[in-house]
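Asker: Got a predicted structure here, sequence first:
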Amino acid sequence: MAETLILSPSDNVAILTRKTVAPAGHKIARQDIAAGDAVVKYGQIIGYAAQPIPAGAHVHSHNCSFGLHDRDYTPGAGLEIARQALARHPSRGLEFLGYHRDGGQVGTRNFIALVSTVNCSATAIRHAAEELRFEGVLHDYPNVDGVVALAHGSGCGMADSGPGWRALQRVLTGYAGHPNVAAALFVGLGCEVMQISRMKQELGAAARFHGLTIQENGGTRRTIDAIKKHVRDMLPKVNRARRSPAPASALKIGLQCGGSDGFSGITANPALGLAADMLAAQGASPILSETPEIYGAERLLLDRAASSAIADKLLERISWWEDYTARFGATLDNNPSPGNKAGGLTTILEKSLGAVAKGGAAPLEAVLEYGEPIRVPGLNFMDTPGYDPVSATGQIAGGAQLIVFTTGRGSAFGSKPAPTIKLATNDRLFFAMRDDMDLNCGDILSEGVSLEEKAQQIVRLILATASGQVTKSEALGLGDNEFLPWQIGAVV
């Protein structure tokens, strides 16, 4: 493996593949860069030299700073190229074994969900789930993947309308009606803003859920016992579910990255992007998210927006984020995190260029609000924060039956009821955290594995996981505490 990588002929920096003048994944100057000149990686501007940088010097936060990026957008300019890229992949033939639900949904797991409508009922559902686990209730029901307690810290002290209420409502109803959930039980206190009756109105009479409140049941202990009885009554029916063949077009796949490093945009992210294209060609719906982490690279999505309305919606969400962060004295370049910077990422422009690679080259078919149901085949973009648990919660609420999560620094993340597949961007991480990583993408550099071959491996892993293969995060029991709805608006 060469000591440095050059990603584009126009780049004036190269990436170190092993530690020399700086750690692996960091950048060095290919030539002298004058103060104020653009620093170029991926053939794109990632920042500006804060001082003169001599050839061979380490290029990072001490001498490269964030600056304004080009806003001269041409939405749809690359749409035909994107359509041609998608057409190169087979359009049918891939299948998985899933649980067919009423209404045409197909699940990859078979859970019972306990959903708190408010923080006040969080303890009740957690105790009920833990007691059921301790009592070994599921031993006689091998086709049930578990009872998951989805507790959160909101649901009251909030407006009963507006963006914050709508976001939480979409999350709660999205999880209760999720294809990986065979049955759901809403549990409230009784007097909260987020009322169960409104949940029922949103989901309709055919929804697979029930509801009860602590106040109506005579207190916490009686409510825990009532929850356990409901679950015991549900189990025989839920256990009767069986897997059967389903087309890959039924899949909705959340694309995530966390703990990114200088290799993320070179190995795992572009490989996942190519896998997303392969599945989009089959009619599946990959979901790119984390709006603050596409900032500076939004042109790559706007160029392939399928309509002007889709482009306008993406621009509106970016504008909202600029205003939102400014109100709190922050900027979108407060991202990357300290860990990202230690891994070689210097500015949000650089991080975003690597993050957008997860979305592949397919046309952008839809832009969604947080937790909004995913209804359109092909690449979707969902507006979420960059914080992984909040972002993945929104994707799952929208219907994602799987999450694929790339990481370079390492991540102990999992999710329920939709399992997470974790991809390592480098060999060091894969071998250091073998119990957490499902697939190594570091061999793209160390062994010359092609992006095409790695993408095929990712697609096979997605289909196997959708068919029931257990992921590393599932084996570790992760996912109960990663349910984290986005709280928007004032707490009153």
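Answerer: Structure received. Numbering: from 1, shown residues only.

Asker: Kindly list the longest strand within this protein.
Answerer: Determined from DSSP state E, the single longest strand within the chain is strand 181-188.

Asker: hey, C-alpha coordinates of it in PDB?
Answerer: Extracted in PDB, the C-alpha atoms of strand 181-188 (Å, rounded to 0.1, in the frame of the first residue of the first chain):
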ATOM      1  CA  VAL A 181     -43.200  -4.500  15.100                       C
ATOM      2  CA  ALA A 182     -45.900  -7.200  15.200                       C
ATOM      3  CA  ALA A 183     -47.700  -5.600  18.100                       C
ATOM      4  CA  ALA A 184     -47.300  -2.400  20.100                       C
ATOM      5  CA  LEU A 185     -48.600  -1.100  23.400                       C
ATOM      6  CA  PHE A 186     -48.700   2.700  24.100                       C
ATOM      7  CA  VAL A 187     -48.300   3.500  27.800                       C
ATOM      8  CA  GLY A 188     -49.000   7.000  29.100                       C
END
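
Asker: Let me see the mean pLDDT of that strand.
Answerer: For strand 181-188, the mean per-residue pLDDT is 95.

Asker: what does stretch 127-140 give?
Answerer: For stretch 127-140, the mean pLDDT works out to 97.

Asker: got the end-to-end distance for it?
Answerer: End-to-end distance for stretch 127-140, by Cα to Cα, to the nearest Å: 21 Å.

Asker: Now do the buried residues in it.
Answerer: With burial defined by 16 or more other Cβ atoms under 10 Å, the residues of stretch 127-140 counted as buried are 127-129, 132, 137-138. To be clear about C-beta, it is placed using only N, CA and C from the backbone, and glycine gets the same treatment.

Asker: what's next to the helix or strand encompassing Leu235, contact-wise?
Answerer: Using DSSP states H and E, Leu235 maps to helix 220-239. Where contact means Cβ atoms under 8 Å, 6 or more residues apart in numbering, the residues beyond helix 220-239 that reach it are 110, 112, 114, 121, 123-125, 127-128, 131-132, 137-138, 140-144, 147, 182-183, 185, 187, 210, 212-214, 217.

Asker: So the spatially closest residue to Thr407 that is not a sequence neighbour, which state does it fall into?
Answerer: Sequence neighbours aside, Gly259 is the residue nearest to Thr407 in space, at 4.4 Å (criterion: Cβ to Cβ, 6 or more residues apart in numbering). Gly259 falls in the coil class when you classify it by DSSP: H, G, I helix; E, B strand; the rest coil.

Asker: what's Gly259 in contact with, if anything?
Answerer: Contact analysis of Gly259 by Cβ under 8 Å, 6+ apart lists 339-340, 343, 407-411.

Asker: So which of the residues you listed is the closest to Gln169?
Answerer: Ser411 (28.9 Å; Cβ to Cβ).

Asker: Give the burial count for the closest one, as a bare number.
Answerer: By other Cβ atoms under 10 Å, 25 other residues sit near Ser411.

Asker: Just read off the phi/psi values of the residue nearest the centre of the chain.
Answerer: In the chain, the centroid-proximal residue (Cα atoms, centre = their mean) is Gln256; its distance is 3.6 Å. In terms of degrees, to the nearest 10, the main-chain angles of Gln256 are phi -130, psi 150.

Asker: Show me what it is bridged to.
Answerer: Judged by DSSP bridges, the bridge partners of Gln256 are Phe405.

Asker: rewinding a little: which one of the contacts of Gly259 is nearest Lys19?
Answerer: Gly343 (12.5 Å).

Asker: Run through the residues that contact the closest residue to the closest one other than its chain neighbours.
Answerer: Distance criterion Cβ to Cβ, 6+ apart; nearest residue to Gly343, sequence neighbours excluded, is Asp261 at 2.9 Å. Asp261 makes contacts with 25, 340, 343-345, 408-409, 425-426, as judged by Cβ under 8 Å, 6+ apart.

Asker: Using a markdown table, please lay out the residues you listed together with neighbour count and distance to Glu447.
Answerer: A markdown table is the format used below for the contacts of Asp261 (neighbours: other Cβ atoms under 10 Å; distance: Cβ to Cβ, whole Å):
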| residue | neighbour count | distance to Glu447 |
| --- | --- | --- |
| Gly25 | 26 | 18 |
| Asn340 | 24 | 26 |
| Gly343 | 26 | 21 |
| Gly344 | 24 | 21 |
| Leu345 | 31 | 24 |
| Gly408 | 33 | 18 |
| Arg409 | 19 | 22 |
| Thr425 | 33 | 14 |
| Asn426 | 29 | 12 |
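
Asker: what's the closest of those residues to Ala464?
Answerer: Taking Cβ to Cβ as the measure, Ala464 lies nearest Thr425 of the contacts of Asp261, at 21.2 Å.

Asker: Would you agree the closest one is in contact with Ala271?
Answerer: No - using Cβ atoms under 8 Å, Thr425 is not in contact with Ala271, being 9.4 Å away.
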